[in-house]
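Chemist: Here's a sequence, model it:
(chains A, B and C)
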Amino acid sequence: MPLLDVAHLSKRFGGLLAVNDVTFQVEAGQILGVIGPNGAGKSTLFAALTGFVPPSSGQWMLDGKPLQGLSPEAICRAGVVRTFQIMQPFWSMSVLENAMVAAVHRARSRAHAHQLASEALECVGLTAKQHATIGSLTIADKKALEMAKACASGARVVLLDEVMAGLRPSEVDRVVDTILTLRKERQLTFLIVEHLMDAVMALSDEILVLNFGAVLAKGKPSAIQRDPHVLEAYLGVAADA
Amino acid sequence: MVARNRVVLWVVLAVVAIGLPWLNNSFILTTAIAALYLAYQALAWNLTGGLAGQFSLGNTIFIGAGAYASTYLFITFGVSPWIGIWVGALIAVMLAYLIGLITFRLNLRGLYFAMVTLALAEMAQVLVENVPALGGAYGLLIPVRGTDIAAMQFESRSVYYYIVLAMVVVAAMLMTVIQRGRVGLMLDGLRENENAARAVGVPVVRNMQLVFALSAFLAAIGGSFMAQYTLFIDPKSTFAWTEAVLFLLPAIVGGTRHWSGPIIGAFLLEVVSDSARLAFGASVKGLPQIIFGIVVILVVMRTRGGIVEWCAVWLRRHRLLAAAHTTVAEERNASA
Amino acid sequence: MQTVIAQALVDGLLNAGIFGLAAVGLTLLFGVMRVVNFAHGELLMVGMYISYVLFTTFHIHPYLSVFLVVPALALLGVALYRFLLRPLAGAPESSQLLVTLGVSMVLQNVVLAIFGADFRSVMVPVANDAFLVGPVVLPAARLYGFIIGMGACLGLYLFLRFTDFGVVTRAAVQDRTAAALSGIDVEKVLVISAAIAVGLLGLASAWLMPMVYLSPAVGHVYLLPSFIIVILGGMGSVRGAIIGSIVYGLSQSLGAVLVPGSLGILVPLILFVVLLLVRPSGLFRGTV
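Modeler: The predicted structure is shown next:
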């Protein structure tokens, strides 16, 4: 049974059909890259899956448990967590405290949350900066913190929304390493929205291509890269073709 | 603060607090009771207002619930206020839960919460005014019994003083325990950025309901106490808008993030109020409120966390400056 | 009985004129500045006292005093914005709420200190005039108040809907940053909105004078209804505030006659709570 099973998910904003009958499955431990032009509905899809935007229709299940209609916090506790495209740290708290808030819902006490948070920070390599203020962090650190929060929340499926945007190549490598490490050590499953094609193609087990809210294609990276529909819609065709 | 200074401070405070009645000054005792009660209700309000960031303008509902429940049970059925207090508190908690259902659960927070609680407080006043059994608009008088422990009445004001002092201590401890525990951490996250907190699993409704219920619980107990102290309750003075505002001012002025904030704020406001009345008496009506209003404006515009935080920041900066001076002086000596 | 209800309907409708002026200003302030103005009732009260002083000192009829009271209050509104609200632009929502709360305390008690708590009234002929339409009494003062009040509200609505500056204001309400980036002078929008919102209170106060007994607490009576109307109508929606004030006025007057005792006051409050359950965001969205 697939870990995450999405069936006929749609979201309409007035006249705009942002997500159009999207259906796909994700196996446990898989990394699914979600790509598509801007406005293709990727962030809306994430928002719907995590309960921030109520869908117009459709269902999705985690390990057989239906998630539609649940609040964001309930979905997180069920096991699906997201990061935000525009980062949303807790500005007045330290890095460690940020992670602690993420861990506290499943912690027995504040001390336990502290412990869970420390472990999460270590996974992403932020232990040295755990007492730093958010304002003093670089973008790369902030992104790592978002991932640490996702990790600390105890979710099994992590939805990363453009977590590599704005990073230098070396920082992107660091993020890729972190994702792979988290997959291996914590058995996490990832859905990654990205525009950095090299990274996504290399990292993903499978790619889901969205266009105008609908699924255009789903398959292995190599197949996607050769799919004519995808090339026309998004990846681009060679100038002389 | 140096550890030794801290211990000294606590000892001094304890001595002053416990020894106050021995001064045998009725005015000081009365003022202290008033200030402590204000501090208590401010701490109760702060559980929702400060910790959860939800400004309740309806705590008077819970205060009234406590006051009317214990008073009614005593006058009508002879039930000892020591028991009546808990009945009132229970009613208040249930009311808080219901109010929470129609606000938090429906995502009505912030301004909406303030307005709904305000509207409900007005409703409570009208409702009570129309119930003859509760004394209607005239209120209820508690028969004076002199010193009658079972009836929670004491000739000596000192007893009331110690009771309210204990209440303040308990309320302060409760606030600290919550703040430093799991719930406090969750509330911090919710206050900072509710969406981000929910995204990582922090339940909103559950936490808000919890602190709101606790707030109501404490407020009701306070209401019962005040009824026993003044031996009179009426809808107008219990549910008035001015009362609701009065109980939030100390926390705003003193600071919402530490238990000392509401207490310091309460004493400050009480001192201002009494001084103004003594100095200008009847000639300038409403002077205390004018000063309160100005203080609130100043505090909100100049500080972020009330007077307590402002002092803390000032001390820290002062110490940093002192440390910097010392370092500079040492370097100068070394190079000389 | 029919007469009683008809009278209540008329009373409620007429009251809506004044409620509308207060609510419309409040919703504009919220829409444009995201400010919860707790001093709204007290500003109205200040307008009334200015009108009162003009009457007792210079014998200026309250209705004529508009020409002085409206500009005075408009200036007061701008001052409030400039010195107390603008500095708090980035602060959490609660800060502005608290500042306006402080202002309301100061205003109410300064007036109390100057004038005392005695009830005062303005004895002008129009206070006792009334028209009779069939069995229904239309008090002249209330009728004029309704006409002027609703007229001004509709004027504001049309202004926001159809004029250039109205469009600019609505843009600033929707997305201040985008508006600024589009070249809109957002500061000017804010200043003028503050002037209009509080100026309308000046209009209301002048028209209220012959109708009510004046005391420092008179403004507070309008605070809760104003907020209820604004929330019901949709925060920031002028259309919602106009319709909301009619709904509120009607429910208040019908409640007063249909429900025994003083419980009639509960009707609009219960209506408020019920409507919140059904539609928390209010009747309308957007500014117009």
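
Chemist: Please name the residues that touch the residue in the stretch 201-336 of chain B that chain A sits nearest to.
Modeler: As assessed by C-beta to the nearest C-beta, chain A sits closest to residue B:201 within the stretch 201-336 of chain B, at 3.7 Å. From N, CA and C alone the C-beta is placed, and that goes for glycine too. With contact taken as C-beta atoms under 8 Å, 6 or more residues apart in numbering or on different chains, residue B:201 is in contact with A:73, A:76-77, A:81, A:102, A:105-106, A:153-155.

Chemist: Output stretch B:260-276 in PDB with nothing but the alpha carbons.
Modeler: What follows is stretch B:260-276, C-alpha atoms only, in PDB (Å, rounded to 0.1, in the frame of the first residue of the first chain):
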ATOM      1  CA  SER B 260       5.900  40.100  38.300                       C
ATOM      2  CA  GLY B 261       4.400  42.300  35.600                       C
ATOM      3  CA  PRO B 262       0.800  42.200  36.600                       C
ATOM      4  CA  ILE B 263       1.700  42.500  40.300                       C
ATOM      5  CA  ILE B 264       3.900  45.500  39.800                       C
ATOM      6  CA  GLY B 265       1.400  47.000  37.400                       C
ATOM      7  CA  ALA B 266      -1.400  46.500  40.000                       C
ATOM      8  CA  PHE B 267       0.500  48.200  42.800                       C
ATOM      9  CA  LEU B 268       1.600  51.000  40.500                       C
ATOM     10  CA  LEU B 269      -2.000  51.600  39.400                       C
ATOM     11  CA  GLU B 270      -3.300  51.400  42.900                       C
ATOM     12  CA  VAL B 271      -0.700  53.900  44.200                       C
ATOM     13  CA  VAL B 272      -1.500  56.300  41.300                       C
ATOM     14  CA  SER B 273      -5.200  55.900  41.900                       C
ATOM     15  CA  ASP B 274      -4.900  56.600  45.700                       C
ATOM     16  CA  SER B 275      -2.400  59.400  45.400                       C
ATOM     17  CA  ALA B 276      -4.500  61.200  42.800                       C
END
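
Chemist: List the contacts of it.
Modeler: So stretch B:260-276 is contacted by B:31, B:34-36, B:38-39, B:42-43, B:45-46, B:50, B:168, B:172, B:249-256, B:284, B:287-288, B:291-292, B:295, B:305-309 (C-beta under 8 Å, 6+ apart).

Chemist: Next step: those restricted to helices.
Modeler: B:31, B:34-36, B:38-39, B:42-43, B:45-46, B:168, B:172, B:249-254, B:287-288, B:291-292, B:295, B:306-309 (DSSP state H).

Chemist: Now that we have the contacts of residue B:201, which of them are buried?
Modeler: For the contacts of residue B:201, a neighbour count by 16 or more other C-beta atoms under 10 Å in any protein chain shown gives the buried set as A:73, A:76-77, A:81, A:102, A:105-106, A:153-155.

Chemist: ok, which residues in chain A are in contact with chain B?
Modeler: A:50, A:52, A:71-74, A:76-77, A:81-82, A:84, A:88-93, A:97, A:100-102, A:104-110, A:113, A:149-150, A:152-155 (C-beta under 8 Å from any C-beta of the partner chain).

Chemist: From those residues, which land in helices?
Modeler: In helices, defined here by DSSP H, the members of those are A:72-74, A:76-77, A:97, A:100-102, A:110, A:113, A:149-150, A:152.

Chemist: is it true that residue A:218 touches residue A:209?
Modeler: Yes - between residue A:218 and residue A:209 there is a contact at 7.0 Å, judged by C-beta atoms under 8 Å.

Chemist: Comparing the two, which shows the higher neighbour count?
Modeler: residue A:209 (23 against 18; other C-beta atoms under 10 Å in any protein chain shown).

Chemist: can you pull the contacts of the more buried one?
Modeler: Each residue near residue A:209 by C-beta under 8 Å, 6+ apart is listed here: A:35-36, A:215-218, A:224, A:227, A:230, A:233-234.

Chemist: Export those residues as JSON lines, with columns for pLDDT and secondary structure.
Modeler: Below are the contacts of residue A:209 laid out as JSON lines (pLDDT from 0 to 100; DSSP: H, G, I helix; E, B strand; the rest coil):
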{"residue": "A:35", "pLDDT": "91", "secondary structure": "strand"}
{"residue": "A:36", "pLDDT": "88", "secondary structure": "coil"}
{"residue": "A:215", "pLDDT": "90", "secondary structure": "strand"}
{"residue": "A:216", "pLDDT": "88", "secondary structure": "strand"}
{"residue": "A:217", "pLDDT": "89", "secondary structure": "strand"}
{"residue": "A:218", "pLDDT": "91", "secondary structure": "strand"}
{"residue": "A:224", "pLDDT": "88", "secondary structure": "helix"}
{"residue": "A:227", "pLDDT": "86", "secondary structure": "coil"}
{"residue": "A:230", "pLDDT": "84", "secondary structure": "helix"}
{"residue": "A:233", "pLDDT": "77", "secondary structure": "helix"}
{"residue": "A:234", "pLDDT": "75", "secondary structure": "helix"}
